[in-house]
Structures are given as C-alpha cells and as structure tokens.
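Asks: Following is a predicted model, sequence given first.
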Amino acid sequence: MARKSILVVDDEKNQREILETILSGEGYDVTTASSGEAAMKFVESRRFDLVLTDLKMTGMSGLDLLKELTNFDKSIIVILLTAHGSVDSAVDALRLGAFDYLQKPYDSEKLLDTVSRALNKLSALDTEIVSVSPEMDKVKKLILKIAKSNSTVLIRGESGTGKELIARSIHTNLSLIHI
C-alpha cells in the first residue's frame, strides 16, 4: 500500500495552492484546509498519512493544531512550515511530536525530500509489519515518532504477536514483556 494521503493546512490561499501543486505533481493525494479548525474536521472524518501545516495562522496556530492532532491521535505525522521560525518554535514543535520543521521560503526539493522521508519510513514499516487494521496503522505511525526519541519503550503482548518486529523498527531503549 503506497502512502500518499496528505493534508495541507495554511491560512494563505496562495501557499495552499503552491503546496498542492508541488505535492500533486509528485502523485500525492492532497486535501487542503484553510484553518486548524477545518483541518480537525477533515482528520475526524478521514485518515491521512501526513499533515503539512503552517506555524503562524489566524485562529488556531500550527503548534495548537499539532497539539489538537496529537490529542486526537498520537500517531499522526506532522511537518510544520514557517516563515517566522525561531529555535524556540522549532524545539517546541519537535518536543510536541512534529516529524520535522521547515523554514519558508523552502526549496521544493527539500520539502519533497522531507515528505518522502516520512512516508518512505512508514511504507518500510508496512513491508515489515503487515496489517490492514486502523489500530496497527496508528502503531506504525507511533513507531516513527518513538524511533527519533531517546525514550524507553515498553512493548507488551502475547507471544507471536510481533513485538520483536516493532522493537527492531524502533531502535531505541526498550523492554519486551511476553504475557
């Protein structure tokens, strides 16, 4: 299953259209939202592989959207874009679980590389961990987030459920418990 579903969130119409053109040109299935609130409505009714959002928007900011998305589903992959970047906002974004943080004006190749990197990692997990359930899809997306951290991870489950596959995918400090 190819990972191609992207939600683009930006309150500036021109930016949404540029991102949609770039991503659609590469074969991605792109949906756009003009606000964080509209994005949440899309996310509640449809599954996306990745959310690409502006940091500074009227109404809900990109960081607020990131928090809402993670409260709704901790596995959602989010990349933040901003023209008003600072070290503090980048650190906040990554601490809150963003996959990456890009500054505008971004090079379209760098944007596509970042999106491709995130989705390729998810596709690689699809090959390693074969499943069709929405719950396992969430687990795979969580693996991407956890793999970048220095967190200790506890994986529980019955023998033969694939804990070792998940452990190999995480590459972090972890403990396996066979129940």
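Replies: Yes, it's here.

Asks: For Gln15, give its distance to Leu122.
Replies: Distance of Gln15 to Leu122, given as CB to CB, to the nearest Å: 25 Å. Glycine gets a C-beta too; all of them are placed from N, C-alpha and C.

Asks: Could you do Ser24 as well?
Replies: 19 Å.

Asks: more neighbours, the two?
Replies: Leu122 (21 against 12; other CB atoms under 10 Å).

Asks: what's the helix or strand for the more buried one?
Replies: helix 108-128 (DSSP states H and E).

Asks: on contacts alone, who are the packing partners of that helix?
Replies: helix 13-25, strand 50-54, strand 78-82, strand 100-103, helix 134-147, helix 163-170 (3 or more CB pairs under 8 Å, 6 or more residues apart in numbering; DSSP states H and E).

Asks: which residues of this protein score low on pLDDT?
Replies: 1-3, 85-87, 123-133, 136-137, 139-153, 162-163, 165-179 (pLDDT under 70).

Asks: okay, which residue is most central for it?
Replies: By CA atoms, centre = their mean, the mean C-alpha position of the chain lies nearest to Ile77, the distance being 0.9 Å.

Asks: Distance of that one relative to Lys138?
Replies: Using CB to CB, Ile77 is found at 11 Å from Lys138.

Asks: cool, and Asp107?
Replies: Distance from Asp107 to Lys138, by CB to CB: 32 Å.

Asks: just to revisit the earlier point, could you double-check that the residue nearest to the centre of the chain sits in contact with Thr114?
Replies: No - Ile77 is beyond contact range of Thr114, at 10.8 Å (criterion: CB atoms under 8 Å).

Asks: which residues are common contacts for these two?
Replies: Both Ile77 and Thr114 are contacted by Phe99, under the criterion CB atoms under 8 Å, 6 or more residues apart in numbering.

Asks: which SS class is Leu154?
Replies: Secondary structure state of Leu154, per DSSP: H, G, I helix; E, B strand; the rest coil, is strand.

Asks: From Lys110, how far out is it?
Replies: 36 Å.

Asks: okay, those two: which has more neighbours?
Replies: Higher neighbour count among Leu154 and Lys110: Lys110, with 12 against 8, using other CB under 10 Å.

Asks: Tell me how far the more buried one lies from Val30.
Replies: Counting by CB to CB, the separation of Lys110 from Val30 is 18 Å.

Asks: can you check Ala93 too?
Replies: 21 Å.

Asks: next one: Met60
Replies: Met60 is 20 Å from Val30, by CB to CB.

Asks: try Glu12
Replies: Distance from Glu12 to Val30, by CB to CB: 16 Å.

Asks: Specify the residue ranges that define each domain of the chain.
Replies: Segmentation of the chain into domains, based on automatic domain parsing, reads 5-126, 149-179.
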